[in-house]
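Engineer: Structure for the following, please:
(one chain, ligands or ions: 1)
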Amino acid sequence: MIDTRAPDPIGYLDQVAASAPGQGCKRRVLRLLDLRPGHTVVDIGCGPGTDLGAMAAAVAPGGTVVGVDRDPVMVETAGARLAGTPGVRVRHGDAHALPLADGIADRARTDRVLQHVDDPARALAEVRRMLRPGGHAVLAEPDWDGLLIDSGEPELSRRLARFVATEIVRNATVGRSLARLCAGAGLAVRSVEVYTPVFRDFGTADRLLGLRRSVGRAIRAGHLDAGAEEWIAEVAARPFLATFVMFLVTAEVA
Ligand SMILES: C[S@@+](CC[C@H](N)C(=O)[O-])C[C@H]1O[C@@H](n2cnc3c(N)ncnc32)[C@H](O)[C@@H]1O
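Structural biologist: Got it, this is the predicted structure:
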């Protein structure tokens, strides 16, 4: 029987951040942010403070990093981890109504946050409100229709990906919609890139993408039949290949 329990959220985010695919994506986001000494940067949905230290180093001296998260446990953990790092503040708040004044930020970022919020358009309007003229945001969000898993039974891979996109992630296709949503929020899109990590090790893909857990949930929900448990065991045992798509959009105050 597959264990379908969700992992500890902080342990999971730490694993993503420590993995080669996670680090590759975060490096690209940091480059696109183009942080300079003295900048004010807001990390919306900062989690346990994963990237606040790297941002603080990039805006020093004289810069400010504000991490915002709606989960009090994330806020407490980020605050504890970043205690004593100059220029870093962590705030409890919601992406739909940021606890920050108009026009205060040179930069803003989301990393896998808009996929979870109730209303991504509203959250982007908040990004727009908070950025100062000349400022820009980098939005790094997945598109779960882009989850591709090699197997001898591609229809099962498709059904698993479809289950993840339709039943597990709230805004599963926000990645492809970012450019349109930015335009709707009054942000001019400067660039759109995709980051498509290739996983050739099942264990890493499973830890980061929750493949086995999603199979278990899909079986319980009746989207896959019980034979899928054997199928994912075979997928794990054979030479493995999977990928998924992250969109990295840079948008500035129009
Ligand atoms: C996948 S985690 C990413 C955390 C962090 N960006 C990172 O790269 O490690 C998503 C984070 O967004 C936060 N979040 C989700 N909805 C939010 C909202 N409406 N307002 C603020 N934070 C939110 C969650 O609490 C969680 O910490």
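Engineer: the strands in the protein, which residues?
Structural biologist: Here the chain has its strands, by DSSP state E, at 40-44, 64-69, 88-92, 105-111, 131-149, 187-195, 198-199, 242-253.
Engineer: Residue 124 is nearest to which of those?
Structural biologist: Nearest to residue 124, of all those, is strand 187-195, at 6.7 Å by CB to CB. Where you see a C-beta, it was placed from the backbone N, CA and C, and this is true even at glycine.
Engineer: Any chance you could list what contacts the closest one?
Structural biologist: 24-25, 28, 32, 124, 127-128, 136-137, 140, 178-179, 182-183, 245-254 (CB atoms under 8 Å, 6 or more residues apart in numbering).
Engineer: could you redo the strands of the chain as TSV and give each row mean pLDDT?
Structural biologist: TSV is the format used below for the strands of the chain (pLDDT from 0 to 100):
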stretch	mean pLDDT
strand 40-44	98
strand 64-69	98
strand 88-92	98
strand 105-111	98
strand 131-149	98
strand 187-195	98
strand 198-199	98
strand 242-253	97
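Engineer: Looking at the ones you listed, which is nearest to the ligand?
Structural biologist: Closest to the ligand of the strands of the chain is strand 105-111 (CB to the nearest ligand atom; 3.8 Å).
Engineer: residues from the stretch 1-150 of the chain in reach of the ligand?
Structural biologist: For the stretch 1-150 of the chain, the contact set with the ligand under CB under 6 Å from any ligand atom comprises 13, 17, 45-47, 50, 69-71, 74, 94-96, 111-113, 116-117.
Engineer: Mark which of those residues are buried, thanks.
Structural biologist: When neighbours are counted using 16 or more other CB atoms under 10 Å, those contain these buried positions: 13, 17, 45-47, 50, 69-71, 74, 94-95, 111-113, 116-117.
Engineer: Give me the neighbour count for the residue nearest to residue 92 when sequence neighbours are not counted.
Structural biologist: The shortest distance from residue 92 to any non-neighbouring residue, by CB to CB, 6 or more residues apart in numbering, is to residue 75 (4.8 Å). Residues within reach of residue 75, counting by other CB atoms under 10 Å, total 21.
Engineer: give the contact list for residue 75.
Structural biologist: With contacts defined as CB under 8 Å, 6+ apart, residue 75 is in contact with 67, 69, 90-92.
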